[in-house]
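Chemist: Here is my input, please return the structure:
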Amino acid sequence: QAQLMESGGGSVQAGGSLILSCSVSGDVASYDDMGWFRQVLGDGREEVAILSISSGVTTYADPVKGRFTISHNRLQNTLYLQMNALKPDDTDMYYCAARRSRDYPWTWGQGTQVTVSS
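Modeler: Here you go, the predicted model:
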C-alpha cells in the first residue's frame, strides 16, 4: 500500500499563491488516480482536483477551476497542487489521496492546513 505525505500548507493573504506537495512512497506503480481533497463539515471530504496518471486527464471542482492546477512528477513520485488567486473560502485542511482505480477506495495522507486571510 502506498504512503502519502503532504507539505506546503500555510497562511497567505487573499490573492496569494501556495503550492502543495504530496510525496508518495510504497506501492506507487499500482496507483492510477491521484487527487486533492479538502474537508467539509462533519467527516466528509470534497474533491478539489483529480488526475488520472495513465491518461493525464484532470478534473477540477467548479470553485477552483482556473485557479488551481494539479500535476504529477513521475520520477519524484510527487503530486502537486498549484493554488493561485486564493480566497478566504479556500481555507481548509487539504488531503492528498491515491487509488488504483475507481473500483478501489482512496488511500489518504495526513492533511496539510491552508489558511487564507482577507
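Chemist: Next, count neighbours for the nearest residue to residue 13 once chain neighbours are set aside.
Modeler: Of all residues not flanking residue 13 in the chain, residue 117 sits nearest, at 5.5 Å (Cβ to Cβ, 6 or more residues apart in numbering). Where you see a C-beta, it was placed from the backbone N, CA and C, and this is true even at glycine. Residue 117 has 11 neighbouring residues, counting by other Cβ atoms under 10 Å.
Chemist: Going forward, the N-terminal residue is numbered 27.
Modeler: Understood, numbering begins at 27; the last thing we discussed is residue 143.
Chemist: Distance check, residue 143 against residue 132.
Modeler: 30 Å (Cβ to Cβ, to the nearest Å).
Chemist: what's the answer for residue 46, then?
Modeler: For residue 46 relative to residue 132 (Cβ to Cβ), the value is 16 Å.
Chemist: If you count surrounding residues, which of these two has more?
Modeler: Neighbour tally, residue 46 and residue 132, criterion other Cβ under 10 Å: the higher count belongs to residue 46, 23 against 17.
Chemist: Low-confidence regions, the chain specifically.
Modeler: When residues are selected by pLDDT under 70, none of them lie in the chain.
Chemist: mind checking how far the residue lying closest to residue 138 once chain neighbours are set aside is from residue 75?
Modeler: Leaving aside its sequence neighbours, residue 138 sits nearest to residue 35 (Cβ to Cβ, 6+ apart; 3.3 Å). From residue 35 over to residue 75 the distance is 15 Å, taken as Cβ to Cβ.
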